[in-house]
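In: Got a predicted structure here, sequence first:
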Amino acid sequence: MPKLRKVLASEAADWPCSPPPRTAQPSTATLQNLLKRLPDRRGITRIDRAGAAGGEHAWRGRVYTRGVELHRQFADALYGGPAGALRAAVAWRDGMRQLAGPAPEGSRSQSLGRPPFRFR
């Protein structure tokens, strides 16, 4: 178990300062450059919502399989900015696609056909 002790303000003043927090709002050019390098954009969505507490800035990964949507959100603040969140979202999406396996072959819809009518 770690030992805890009180620290004097004069001692804490000599500690190195942490870097200022990065802004979660990326520039439009940065996002476009990230997306240009991404070969497959399907299932990846950017979320940028303004709000009083900083809003919501994240990438969302989605995978649709067998009539079910699997999704997960990757916040910029947790993944070191928009580039890290995008890499995490793409890795998650690709992993889930492998787990889901290939899409079933054949038509996605079934036609019932038309019953034969007899005229008398």
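Out: Thanks, I have it.

In: so what's Glu56 up against?
Out: Listed by Cβ atoms under 8 Å, 6 or more residues apart in numbering, the contact partners of Glu56 are 47-49, 75. Yep, even glycine has a C-beta here, placed from its N, CA and C like the rest.

In: Tell me what it is bridged to.
Out: Here Glu56 shows beta-bridge partners Arg49, assigned using DSSP bridges.

In: Going forward, count from 786.
Out: I'll keep to 786 as the first residue from here, and by that count the last item is Glu841.

In: how close does it sit to Arg790?
Out: Separation of Glu841 from Arg790 (Cβ to Cβ, to the nearest Å): 39 Å.

In: and what of Asp799?
Out: Taking Cβ to Cβ as the measure, Asp799 falls 16 Å from Arg790.

In: same thing with Glu890?
Out: Separation of Glu890 from Arg790 (Cβ to Cβ) stands at 66 Å.

In: hey, where'd the strands end up in this protein?
Out: For the chain, applying DSSP state E gives strands covering 829-834, 841-850, 853-860.

In: Export the longest helix along the chain to PDB, keeping only CA atoms.
Out: Assignment by DSSP state H gives helix 867-885 as the longest helix of the chain. Coordinates of each C-alpha in helix 867-885 appear next as PDB, following Å, rounded to 0.1, in the frame of the first residue of the first chain:
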ATOM      1  CA  PRO A 867      -8.800  13.000 -33.100                       C
ATOM      2  CA  ALA A 868      -6.000  11.000 -34.800                       C
ATOM      3  CA  GLY A 869      -5.700   8.600 -31.900                       C
ATOM      4  CA  ALA A 870      -9.500   8.200 -31.600                       C
ATOM      5  CA  LEU A 871      -9.800   7.600 -35.300                       C
ATOM      6  CA  ARG A 872      -7.100   4.900 -35.200                       C
ATOM      7  CA  ALA A 873      -8.900   3.200 -32.300                       C
ATOM      8  CA  ALA A 874     -12.300   3.400 -34.000                       C
ATOM      9  CA  VAL A 875     -10.900   1.900 -37.200                       C
ATOM     10  CA  ALA A 876      -9.100  -0.900 -35.300                       C
ATOM     11  CA  TRP A 877     -12.300  -1.700 -33.400                       C
ATOM     12  CA  ARG A 878     -14.400  -1.700 -36.500                       C
ATOM     13  CA  ASP A 879     -12.000  -4.000 -38.400                       C
ATOM     14  CA  GLY A 880     -11.800  -6.400 -35.400                       C
ATOM     15  CA  MET A 881     -15.600  -6.600 -35.200                       C
ATOM     16  CA  ARG A 882     -15.800  -7.200 -38.900                       C
ATOM     17  CA  GLN A 883     -13.500 -10.100 -38.600                       C
ATOM     18  CA  LEU A 884     -15.500 -11.500 -35.600                       C
ATOM     19  CA  ALA A 885     -18.700 -11.100 -37.600                       C
END
